[in-house]
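Q: how would this look folded up:
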Amino acid sequence: MQQQDSWTATVVEHHRLRRDVAVVRLIGEAVPFRAGQYVDVSVPGHPRLPRRLSPALPPSLDGKLEFHVRTVPGGWVSRSIVEDTRPGDRWQISAPRGDLTVDEEGPTVVMVGGGTGLAPLRSIILDLVQVPNPPQVYLFVGGRTVADLYASDMLWLLTQQLPWLTTIPVVEDVTDPGAPDDWYERIRDHVGDSALAGFGDDHLLEGTLGDVVAAHGAFVDHQVLVCGSPAMVRTTRDRLIATGTPADAIRFDPLD
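A: Residues are numbered from 1 along each chain as shown. Here you go, the predicted model:
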């Protein structure tokens, strides 16, 4: 019997969260990936330019998928997904890959997510909800400004509901409002004065993700997962190793 290597899913929701960030939800054939893995996605308009994306939900038998997509400079496909995706669009999904995984019976987990690098980490967290006694998880999630913390409301709710999850939001400059963004302003107006929708100023740590995480010490007996831009992943990994975290304890996945 020939093994299936491509699956079809249909867009059912498209939410623009920032000028350059959107959440896309689909339903289709069940894709056999593991929480934390990434897949290749082909979208209408650019069928010959597959884009590597990480599902933000764990696998489901009913074929639900969710992707967090940020536009990248010169990225035709990412910009098209963020700006032009519509319900009814049919996507092709292929080639689950990657080893950004957690040992459910292993030691404490430290997760470091920059930007939409949060997506596979969220998938793993939601997968751990099904485990009777999940390990303690510390999630460092960051951006250049407060506005870059696009999923802070969802993370606040998860952190309140899961006693084994601690979320640490990190921004490089707490005083920088970032560039004007109508999408961000609409969401902030909807949730009230708190742009973090739950996390307050006393929850924020200032600095780069690599520096802030490394300042918490050497993670000698931990599972460490890092996902974000290639530069962020490289810098964070180097900082962790320099402060005593064993290199073989770090699993990492740089975004395209």
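Q: surely Gly45 and Arg86 touch.
A: No. Applying CB atoms under 8 Å as the test, Gly45 and Arg86 come out as separate, 10.9 Å apart. To be clear about C-beta, it is placed using only N, CA and C from the backbone, and glycine gets the same treatment.
Q: got the domain ranges for the protein?
A: 6-97, 109-254 (automatic domain parsing).
Q: which one of these lies nearest to Asp103?
A: Nearest to Asp103 among those is domain 109-254; the distance by CB to CB comes to 6.3 Å.
Q: need the distance between the two termini of the closest one.
A: 19 Å (CA to CA, to the nearest Å).
Q: now do it, average pLDDT.
A: The predicted model assigns domain 109-254 a mean pLDDT of 90.
Q: now it, how far from the chain's geometric center?
A: In terms of CA atoms, centre = their mean, to the nearest Å, the centre of domain 109-254 is found 9 Å from the chain centre.
Q: neighbour count winner among Gly45 and Arg86?
A: Legend: neighbour count by other CB atoms under 10 Å for Gly45 and Arg86, higher for Gly45 (13 against 8).
Q: how close does the more buried one sit to Ala56?
A: Noted for Gly45: a distance of 22 Å to Ala56, by CB to CB, to the nearest Å.
Q: burial check on Glu105, number of neighbours?
A: Neighbours of Glu105 (other CB under 10 Å): 9.
Q: could I get the contacting residues of it?
A: Pro135 (CB atoms under 8 Å, 6 or more residues apart in numbering).
Q: on the three-state scheme, it is what?
A: Secondary structure, DSSP: H, G, I helix; E, B strand; the rest coil: Glu105 is coil.
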